[in-house]
Structure formats: C-alpha cells, structure tokens
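[1] Kindly generate the corresponding structure for this input.
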Amino acid sequence: METIKGFHDVLPPQSGRRERFTRQACAVLETYGFSRIDLPLLEKGELFVRSVGATTDIVEKEMYSFADRDKEHTLLALRPEGTASVVRAFVDAGGARRLPEARLYYTGPMFRRERPQKGRLRQFHQIGAEAFGRDDPSADAEIICLVDDVCRAVGLTGVRIRINSLGDAACRPGYRARLAEWAGGRVDDLCGDCRARLQRNPLRILDCKNEKCVAITAEAPMMVDHLCEPCRVHYQRVLSLLSTTGPVVEQAPRLVRGLDYYCRTAFEITVDHPQLGAQNAIGGGGRYDGLVATLGGTDTAGIGFALGIERMELAGAGTADDDDRPEIVIIPISAEAEDAALGLARKLRIAGAVVLVGSAERKLKAQMKRADRVGAQYAVILGPDELATGRPALRDMIHKVDSDGCFDLESDAVAILERIRKVGTH
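    The predicted model follows:
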C-alpha cells in the first residue's frame with residue numbers, strides 16, 4: 001500500500017539530516033531571543049479566510065477543509081501556513097497586554113492540496129518565526145539578518161534575499177486602482193486565473209507563475225513608485241540598515257507575497273541550486289501590522305518569515321550524514337554475554353555514545369561485517385573469555401587496531417567511553 005499522493009515518508013539518513021539542520025536553525029533563532037511555540041494542526045477554517053485572504057489560491061484551491069462531524073464548528077482546516085496560527089495563539093494568550101514584544105518560532109507540517117512537484121508536497125514542513133510589538137525599520141532589518149544567519153547555519157550557499165515594499169492602507173488602494181486600470185487594457189492576454197484576480201485583488205496578478213502573464217506584468221506599474229511618504233521613509237531606512245549591518249539584498253519592485261495580510265516590507269529567499277531549477281524560492285516573509293487586530297486582538301505590529309524544509313533540503317541544507325553512524329557496536333558471542341552487552345550499552349548511551357547491540361545468535365564474522373556496514377567506529381566483543389576477565393576486546397573499525405582488555409566492565413560509564421575513544425587516537 002502506498003502513501004497518499006503528495007504525502008511522503010522521511011526515512012534515515014534523510015530524517016537524521018533534517019533533524020540536525022532543523023536543530024541548527026532553532027539554535028540561531030534562540031540566539032535572537034525567540035522561544036518555541038507548538039501549534040495545533042487543525043484550526044477553524046475562518047482563521048485562514050480572514051487572515052490569508054478569501055481570494056488567495058490557498059483558500060480558494062489548496063486548503064484542506066471539512067465540516068466538523070458534530071457540527072460544533074462550521075468549517076475546520078488543516079493549517080496551510082503558520083503565521084495565522086501564531087497570531088491566533090498570541091491573541092488567545094492576551095496579546096500585547098501579556099506579551100508586549102513576543103518573539104515566537106515554530107516547526108512542523110503544513111498542508112496544501114496543490115500539484116505535487118519536486119520540493120513542493122501536499123504535506124510539507126516549515127520552520128518560521130514571528131515577532132510582535134515593533135513597527136520600526138530596525139525590526140525589519142533584524143528579521144532579514146536572522147533569515148540570512150539561519151541559511152548560513154544550515155550550510156546553504158548561493159542565497160539571495162529579494163525585498164520590496166507593499167505599502168499600507170494609506171497608499172496601497174491607490175496603487176491597486178492604478179494597477180487594475182493598467183491591466184484592464186491587457187485583460188484578453190492574461191490567463192483565466194489572472195482575469196478573475198483582476199476583479200477581486202489586482203495585486204495577485206503580479207504573483208502569477210504563468211510565463212505569458214509574467215512577461216506581461218513585467219511592464220506593470222510598481223508599488224515602490226506609489227508609496228506614501230511614511231512607507232517610503234520606512235523602506236529606505238530598512239535598505240540603509242541592511243547596507244551597513246546586514247546581508248546583501250536585491251530590490252525586487254514587482255515582488256508580492258501570496259498572502260493578503262502583508263504590508264510594507266516583504267521579502268523572498270531564493271537559492272541558486274540545480275536541484276531547485278527556475279522555481280528556486282525556499283521561503284519568504286514580511287510585515288503584517290494589521291493582522292492581530294483583524295483576528296480580534298489589540299492593534300499590534302508584527303513581522304515574520306517561514307522557510308520550507310523540503311526546499312532547503314533540495315538546496316543543500318544538512319548534507320553531511322556521518323552523524324547517522326553508530327559510534328559503537330557491541331558484539332556478544334555467547335548467550336551469557338548478551339546480559340553484559342545490554343548493560344554495557346546502557347552505560348555507554350548514558351555517557352552520550354550512539355550504540356548498537358548485536359545478537360549472540362549470529363556468528364562473530366557476520367556481526368563484524370554488520371558493524372563495518374553500518375559505519376561503526378568501534379566494535380566491543382564480549383564472549384566467555386572476556387566475561388571471565390571482565391575486560392572486553394575492542395577493535396577500532398576505522399584504523400583496524402585491536403586492543404584487548406583496555407577497560408573494565410565494572411568501571412563507570414564515562415571512564416569506559418574515554419578508554420574506548422582513546423584507542424582511536426593511537
């Protein structure tokens with residue numbers, strides 16, 4: 001039986017690599033003062049309609065939603081993205097009153113029913129962060145620095161950060177009207193989706209991936225030319241801060257995000273990598289100052305980002321797999337030795353070693369082959385003679401060095417592990 005289309009298992013060694021680079025990313029987030037939040041997979045569908053936008057592809061085409069069986073809620077949805085859930089949790093927890101400058105990060109699966117393709121699945125995983133309570137340009141610049149530091153920490157190269165300003169409630173309506181007027185003269189050349197978007201949310205035509213629409217909208221008016229003075233000053237200050245203290249960014253005047261809640265600073269992270277091809281975005285983010293109020297909280301500024309874990313893997317994050325190998329394999333060669341093998345394994349694991357235990361039902365030669373196959377550095381051999389002396393035999397599998405009786409089974413765990421590792425240094 002196969003998995004559902006667009007839903008994949010993650011097996012070793014990929015699962016180990018993913019776990020390691022996710023930990024590395026989380027460690028960077030914590031140096032910036034972010035704390036972890038764990039979110040439910042299931043939310044009220046209304047949450048995403050109100051936040052992401054009723055006319056977005058996510059809500060109209062991709063969201064997994066269904067009626068609650070006992071009719072307690074009219075619509076439930078598997079979360080298609082993380083920001084709305086974090087904002088909902090922030091509001092539920094008392095928002096700006098209890099957490100005036102909350103800094104929260106999350107990891108986990110998201111769900112969208114889109115066409116599965118390389119690095120884009122129906123169940124996919126993200127790591128993201130949201131910062132509340134600051135609307136100054138310095139907060140924007142810091143978040144973009146954080147994104148760059150996370151990418152560096154997980155080993156990504158060729159990272160580019162594209163940035164734009166989407167304006168705010170003061171200047172964006174005028175730009176939308178200007179864009180709609182411009183596109184109205186070209187409506188017959190746009191794809192069907194863009195013709196519908198033009199009626200409901202003209203900015204969405206700039207996010208279309210249809211090659212013909214991309215070519216047409218390359219000549220569209222730019223938001224950056226229609227910013228009000230406060231938005232223009234904010235954007236220029238963000239660019240100025242990044243030019244002196246942050247990563248190199250590329251201005252992208254036609255960049256829009258696919259979610260309606262963004263305002264002012266918006267950005268996209270891409271990686272030049274052959275596995276990603278032309279669709280090389282691995283994540284994005286931006287400012288969403290009105291979203292907390294939209295979801296019932298006190299008007300509070302917010303900014304955040306999310307990175308797609310599958311996309312990061314394709315771009316080269318966490319490629320080293322040496323850590324998946326056990327350090328030690330314990331080989332019992334008699335039934336009596338199995339008791340001692342299990343006890344020794346527990347000691348060594350407590351001391352921090354990765355240990356596998358063999359079976360006395362298999363011959364010594366077969367167990368040694370297994371130790372070599374799994375890439376173990378050391379093999380500890382326990383048989384009648386070793387039990388009698390209380391001092392196992394040891395082989396350094398990397399350097400092919402044998403050492404008989406280098407440690408005592410009765411020693412404490414740390415001392416045993418030190419003696420084993422010492423053999424590998426000679």
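[2] mind listing the helices in the stretch 101-250 of the chain by residue range?
    Shown for the stretch 101-250 of the chain, the helices assigned by DSSP state H, counting those that start in this stretch span residues 137-153, 172-184, 192-200, 211-217, 229-245.
[3] Could you give the average pLDDT over the fourth one?
    In this case it means helix 211-217. Taken as a whole, helix 211-217 carries a mean pLDDT of 83.
[4] buried residues in it?
    The neighbour-count check on helix 211-217 (16 or more other CB atoms under 10 Å) flags Cys213, Ile216, Thr217 as buried. C-beta here means a position set from N, CA and C on the backbone, and glycine is covered the same way.
[5] Same question for the third one.
    Within helix 192-200, the residues that count as buried by 16+ other CB under 10 Å are Asp193, Cys194, Arg197, Leu198.
[6] Kindly export it (C-alpha atoms) in PDB.
    C-alpha atoms of helix 192-200 as PDB (Å, rounded to 0.1, in the frame of the first residue of the first chain):
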ATOM      1  CA  GLY A 192      -8.100  32.900 -16.700                       C
ATOM      2  CA  ASP A 193      -6.900  33.000 -13.100                       C
ATOM      3  CA  CYS A 194      -5.500  36.500 -13.500                       C
ATOM      4  CA  ARG A 195      -8.700  37.800 -15.100                       C
ATOM      5  CA  ALA A 196     -10.500  36.600 -12.000                       C
ATOM      6  CA  ARG A 197      -7.900  38.100  -9.700                       C
ATOM      7  CA  LEU A 198      -8.100  41.400 -11.500                       C
ATOM      8  CA  GLN A 199     -11.700  41.700 -10.300                       C
ATOM      9  CA  ARG A 200     -11.100  40.800  -6.700                       C
END
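[7] which other residues reach it?
    Thr55, Ala180, Ala183, Gly184, Val187, Leu190, Arg204, Ile205, Cys208, Asn210, Cys213 (CB atoms under 8 Å, 6 or more residues apart in numbering).
[8] quick check: angle from that helix to helix 172-184?
    Compare the direction of helix 192-200 with that of helix 172-184 by axes from the mean of the first three to the mean of the last three CA atoms, to 10 degrees and you get 140 degrees.
[9] chain center to helix 192-200: distance?
    31 Å (CA atoms, centre = their mean, to the nearest Å).
[10] Kindly report the same for stretch 186-202.
    Distance, centroid of stretch 186-202 to centroid of chain: 33 Å (CA atoms, centre = their mean).
[11] tell me how far the ends of that stretch are from each other?
    13 Å (CA to CA, to the nearest Å).
[12] Tell me the secondary structure of the closest residue in space to Gly352 that isn't next to it in sequence, please.
    Spatial nearest neighbour of Gly352, excluding adjacent residues (CB to CB, 6 or more residues apart in numbering): Leu417 at 7.3 Å. Under DSSP: H, G, I helix; E, B strand; the rest coil, the three-state class of Leu417 is helix.
[13] what sits against Leu417?
    Leu348, Ala351, Gly352, Ala353.
[14] What are the contacting residues of the helix or strand where Ala345 lies?
    Per DSSP states H and E: Ala345 is located in helix 335-350. The contact list for helix 335-350, computed with CB under 8 Å, 6+ apart, reads 328, 330-332, 355, 357-360, 380, 382-384, 386-387, 392, 409, 412-413, 416-417, 420.
[15] Check those residues for burial and list the buried ones.
    Buried, going by 16+ other CB under 10 Å: 328, 330-332, 355, 357-358, 360, 380, 382-383, 386-387, 392, 409, 413, 416-417, 420, out of these.
[16] Can you give me every residue that contacts Ile330?
    Here Ile330 is in contact with Ala341, Leu344, Ala345, Val355, Leu356, Val357, Gly358, Ala379, Val380, Leu382 (criterion: CB under 8 Å, 6+ apart).
[17] In helices only, show me these.
    Those of those mapping onto helices are Ala341, Leu344, Ala345, per DSSP state H.
[18] Relative to Lys422, how far out is the last one?
    This means Ala345. Counting by CB to CB, to the nearest Å, the gap from Ala345 to Lys422 is 19 Å.
[19] who has more neighbours, the two?
    Ala345 (18 against 12; other CB atoms under 10 Å).
[20] Show the pLDDT at the residue most central in space within the chain.
    Central residue of the chain (CA atoms, centre = their mean): Ile127, 2.9 Å from the mean position. According to the prediction, Ile127 has pLDDT 97.
[21] What of Lys400?
    86.
[22] what's the closest non-adjacent residue to the residue nearest to the centre of the chain?
    Thr107 is the one closest to Ile127 (CB to CB, 6+ apart), at 4.6 Å.
[23] Look at the one you found and say how many residues are nearby.
    By the criterion of other CB under 10 Å, Thr107 has 21 neighbours.
[24] which of the contacts of helix 192-200 has the most neighbours?
    Top of these by neighbour count (other CB under 10 Å): Ile205, with 27 neighbours.
[25] show me the contacts for it.
    Here Ile205 is in contact with Leu179, Ala183, Leu190, Cys194, Arg197, Leu198, Cys213, Thr217, Ala220 (CB under 8 Å, 6+ apart).
[26] make it 7 Å
    Ala183, Leu190, Cys194, Arg197, Leu198, Cys213, Thr217 (CB atoms under 7 Å, 6 or more residues apart in numbering).
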